[in-house]
Structures are given as C-alpha cells and as structure tokens.
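K.L.:
below is the structure, and that's it, no one-letter string:
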C-alpha cells in the first residue's frame with residue numbers, strides 16, 4: 001500500500017507530467033477540496049466503478065460519473081469524496097497534453113469529467129479490467145503508461161502554444177503576454193483560438209491561474225505569511241486583489257486555505 005508516481009518515458013513525457021498509483025486506507029475526513037490545475041487529469045477508480053464530485057455549500061449536490069474519466073482543465077476548485085479515494089490511478093497531463101492524446105477540443109472538456117469509454121471505447125474498459133487484475137503498483141503503472149502511448153491520436157502540442165505556455169509557466173506574475181505572443185508570429189486572435197482548443201482557456205486566464213498556483217507554492221509550507229508581501233511578489237496589485245483571486249480559483253480566502261492545507265498542495269481537508 002502507498003503512493004507511487006513516476007514521470008513517463010519520452011516522448012510521452014512531453015504530454016504527461018506524471019502517472020500515479022494510490023492504494024491507501026480511507027481518510028478519516030469525508031470531503032476534500034481539490035484546487036484547479038491547467039492540465040487535464042485522468043482518473044481510474046479501482047475501488048468503485050464510479051467517480052463522485054460535489055457542489056459547494058449550502059446545498060451540496062453529488063455529481064456522479066464513470067469510474068474511469070478524463071477530467072478537463074479547471075478554473076475553479078471541486079470537492080471529492082474520500083471514501084472512493086482508496087485505490088485510484090491517474091495521470092496528470094501537461095497543458096495541451098490531453099488534446100494531443102485525444103484530439104478533443106479542450107474547451108469542450110473545461111471543468112467536465114468525460115467517461116473514458118466515450119473517448120476510447122472498449123479499450124478503456126479493457127484497461128480498467130487489466131488494472132484490477134494487477135497486484136503491484138509498478139506493474140499497474142507500466143500498463144497504464146503503455147496504454148497511453150498506444151492510444152495517442154492527436155497532433156503534437158502546437159509549438160506556438162507551447163512557447164507562450166512555457167513563458168507564462170516560468171514567470172506568470174511578470175510575463176507580458178503581448179510580448180510573448182509577438183515571438184510566435186501569430187495574431188492575438190489566432191493564438192487565442194489555438195490556446196482555447198489545445199489548453200481549454202485563453203492566454204490571459206491561463207496566466208492568472210498559473211500566477212495563483214505560484215502563490216500556492218510560495219505559501220503552502222510557510223509557518224506564517226505576510227500576505228501583502230506575497231501579493232507584491234506575485235505581481236498582484238494589493239492584498240484585496242490576492243483575496244479576489246483566491247475566491248475566484250479556490251472558492252475560499254487565503255486564511256481558510258492556510259487552515260485547511262495538508263501535505264498535498266492541491267488537496268484541502270474540509271470535513
């Protein structure tokens with residue numbers, strides 16, 4: 001039992017940041033808030049043939065999906081049920097990676113969980129069955145990586161999209177989008193259309209999300225935080241701007257994030 005992850009070997013590593021296997025006892029708490037990421041997520045539940053996410057309070061509603069789903073890029077947090085997070089596998093796609101794998105327009109996948117069988121048919125069903133029959137995490141990761149390698153059907157990530165995304169990844173708080181776009185030789189409209197299709201959002205929103213995630217990385221393990229300084233370091237106008245970004249992307253305030261944070265930066269304990 002435990003958590004095992006690894007980076008896939010080339011050329012799949014250009015599309016997928018990591019593949020992982022989670023085999024742990026159920027958590028003591030019932031719900032976790034998962035913070036948004038710019039890349040799609042592949043989730044394969046090996047405990048239950050179902051995936052459950054929940055809407056926020058005051059009327060928390062359960063949204064049920066298949067046990068094998070491709071979760072699109074997200075701009076807001078979602079709430080998951082820890083009772084099903086006992087034996088789960090997955091893959092974290094790099095921005096644009098899911099488009100290169102599936103050839104699907106990422107705008108249609110934004111904030112949605114798509115049944116893997118709707119994308120890959122019987123091959124997805126056979127994959128889950130093989131994983132259920134495999135006893136070791138290392139062997140399961142090998143099976144999943146090989147399956148992903150075989151299934152790729154889309155084109156490579158557009159070089160212009162990759163150039164802009166990489167620049168915004170490196171310095172989301174300072175990068176000037178217009179200057180980066182000029183390096184591609186494309187018009188704003190042309191690049192924006194490619195960005196939406198391959199990543200699921202436009203360059204400006206992508207930059208905002210990556211700026212927010214840079215703040216998370218800065219404060220996640222901090223003992224105490226000077227939020228005014230964090231805002232300045234993150235390229236935000238002031239602390240009020242920082243609070244608005246936390247509410248927009250995480251659905252909570254910075255102080256609530258600090259109170260609910262745990263060992264994994266993207267998962268917050270909420271009860």
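P.N.:
Cool, the structure landed. Since the structure is predicted, the reported quantities are computational estimates derived from the model, not experimental observations.
K.L.:
immediately after the helix or strand where residue 100 lies, which helix or strand?
P.N.:
When elements are assigned from DSSP states H and E, residue 100 belongs to helix 97-102. Note on helix 97-102: by DSSP H and E, the next helix or strand toward the C-terminus is helix 106-109.
K.L.:
buried ones in that following helix?
P.N.:
The neighbour-count check on helix 106-109 (16 or more other CB atoms under 10 Å) flags 106-107, 109 as buried. All C-beta spots, glycine's among them, are computed from the backbone N, C-alpha and C.
K.L.:
what packs against the helix holding residue 100?
P.N.:
Contacting helix 97-102 under the criterion 3 or more CB pairs under 8 Å, 6 or more residues apart in numbering; DSSP states H and E are the following elements: helix 106-109, helix 188-199.
K.L.:
select from those helices the stretch with the lowest mean pLDDT.
P.N.:
Lowest mean pLDDT within the helices and strands packed on helix 97-102: helix 106-109, at a mean of 92.
K.L.:
after it, next one along is what?
P.N.:
strand 113-115.
K.L.:
so how far is that next one off the chain centroid?
P.N.:
14 Å (CA atoms, centre = their mean, to the nearest Å).
K.L.:
packing partners for that strand?
P.N.:
strand 62-65, strand 68-71.
K.L.:
ranges for the helices of the stretch 101-250 of the chain?
P.N.:
With DSSP state H, counting those that start in this stretch as the criterion, the stretch 101-250 of the chain has helices at 106-109, 116-120, 122-132, 137-151, 159-170, 177-184, 188-199, 203-219, 227-233, 239-250.
K.L.:
reformat these as CSV; add distance to residue 24.
P.N.:
Converted to CSV, the helices of the stretch 101-250 of the chain look like this (distance: least, CB to CB, whole Å):
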stretch, distance to residue 24
helix 106-109, 28
helix 116-120, 23
helix 122-132, 16
helix 137-151, 11
helix 159-170, 30
helix 177-184, 41
helix 188-199, 31
helix 203-219, 23
helix 227-233, 32
helix 239-250, 24
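K.L.:
of all those helices, which one is nearest residue 56?
P.N.:
The stretch from those with the least distance to residue 56 (CB to CB) is helix 239-250; that distance is 11.0 Å.
K.L.:
distance between the helix or strand following the closest one and the chain's centre?
P.N.:
Using DSSP H and E, the helix or strand that directly follows helix 239-250 along the chain is helix 254-260. Computed by CA atoms, centre = their mean, the separation of helix 254-260 from the middle of its chain amounts to 20 Å.
K.L.:
not counting helix 254-260 itself, show me its contacts.
P.N.:
Contacts of helix 254-260 with the rest of the structure, by CB atoms under 8 Å, 6 or more residues apart in numbering, involve 33, 216, 219, 225, 227, 242-243, 246, 250, 252, 268-270.
K.L.:
and these, which is closest to residue 74?
P.N.:
When those are compared against residue 74 (criterion: CB to CB), the nearest one is residue 250, at 10.9 Å.
K.L.:
surely the closest one and residue 78 touch.
P.N.:
No. With contact defined as CB atoms under 8 Å, residue 250 and residue 78 do not form a contacting pair (10.6 Å).
K.L.:
now do the domain split for the chain, please.
P.N.:
Taking automatic domain parsing as the reference, the chain has its domains at 2-151, 159-262.
K.L.:
quote the end-to-end distance of the last one.
P.N.:
Right, the one you point to is domain 159-262. Counting by CA to CA, to the nearest Å, you get 36 Å between the two ends of domain 159-262.
K.L.:
now do the first one
P.N.:
Distance between the two ends of domain 2-151: 28 Å, counting by CA to CA.
K.L.:
residue 123 is in contact with residue 151, correct?
P.N.:
Yes. With contacts defined as CB under 8 Å, residue 151 counts as touching residue 123 at a distance of 6.7 Å.
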